[in-house]
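In: no FASTA, just this:
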Ligand code: SAH
């Protein structure tokens, strides 16, 4: 149980909707680990650093156009209050323009001290704060969300399940999709026959070598059918 000996993995989220956290991460495996102190989460309201009586956080885009943009001075003040300059945690900006999140990046984040995640809203954030505070733009896929909060929840969930002692059986993470070059093989459990469909015979025979062969053939077939782009790709990427 290294997690209880060393300091816990720390997530800090900067958001206009702190009540969205821990949200689903307060349940199940991540919730149990949170209650045990294996990791911590702090959601901070960007609006606490808003300007004037109305605590404004956004303004109209320079050059015109639709929507509003989060102000760089407001966001920078929120970031500076949340993470000291010597805070070793990476500072992520959830962004559809970012590098797509991969299991490799998740593993590296989980092995580190935690993360600071900035959640955009509206049209996004003033470009200058990305440069000025060294934010790493991270996308969770090629589609547009209405805010960065769900993307932060997805990213943190993927990290937390890799922390030592969080998953029931440590081994169950190793054979999964994206931990190797192949998608995962299909699973079955009782009942043996269901609506005319039965469990493949080889899985019931107890021949472990034959089972391993069947599983790797199934994983390879599924990967070829669904994600040929993964074949031959370095799984660490
Ligand atoms: N105008 C922007 C989209 C803004 S969506 C554009 O076209 O690129 C509002 C906020 O939602 C973003 O600032 C970002 O924080 C978040 N967001 C939207 N889609 C996302 C995605 N695929 N991954 C991560 N964050 C996303």
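Out: Arrived safely, thanks for sending. If you're wondering where the values come from, they're calculated on a predicted model, not measured in any experiment.

In: Mind telling me what element the spatially most central residue of the chain is part of?
Out: Residue closest to the average C-alpha location in the chain (Cα atoms, centre = their mean): residue 155, at 1.1 Å. Residue 155 is part of helix 149-160 when elements are defined by DSSP states H and E.

In: Show the contacting residues for the residue nearest to the centre of the chain.
Out: By Cβ atoms under 8 Å, 6 or more residues apart in numbering, the contact list for residue 155 reads 92, 94, 101, 106, 109, 115, 117, 138, 140. Just so you know, the C-beta spots here come from the backbone N, C-alpha and C atoms, and that holds for glycine as well.

In: Can you check the pLDDT for the last one?
Out: According to the prediction, residue 140 has pLDDT 98.

In: And the third one, by the same measure?
Out: Looking at residue 101, its pLDDT stands at 98.

In: the longest helix in the chain is where?
Out: Residue-count comparison of every helix in the chain, with assignments taken from DSSP state H, identifies helix 208-226 as the longest.

In: List the buried residues of that one.
Out: For helix 208-226, burial by neighbour count (16 or more other Cβ atoms under 10 Å) applies to 211, 214, 215, 218, 219, 222, 223.

In: Export the residues you listed to TSV and append columns for distance to the ligand and pLDDT.
Out: Compiled in TSV, the buried residues of helix 208-226 are given as follows (distance: Cβ to the nearest ligand atom, whole Å; pLDDT from 0 to 100):
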residue	distance to the ligand	pLDDT
211	38	98
214	37	98
215	33	97
218	31	98
219	28	97
222	25	98
223	24	97
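
In: List just the nearest of these to residue 176.
Out: residue 219 (10.5 Å; Cβ to Cβ).

In: residues in contact with that closest one?
Out: So residue 219 contacts 182, 183, 184, 185 (Cβ under 8 Å, 6+ apart).
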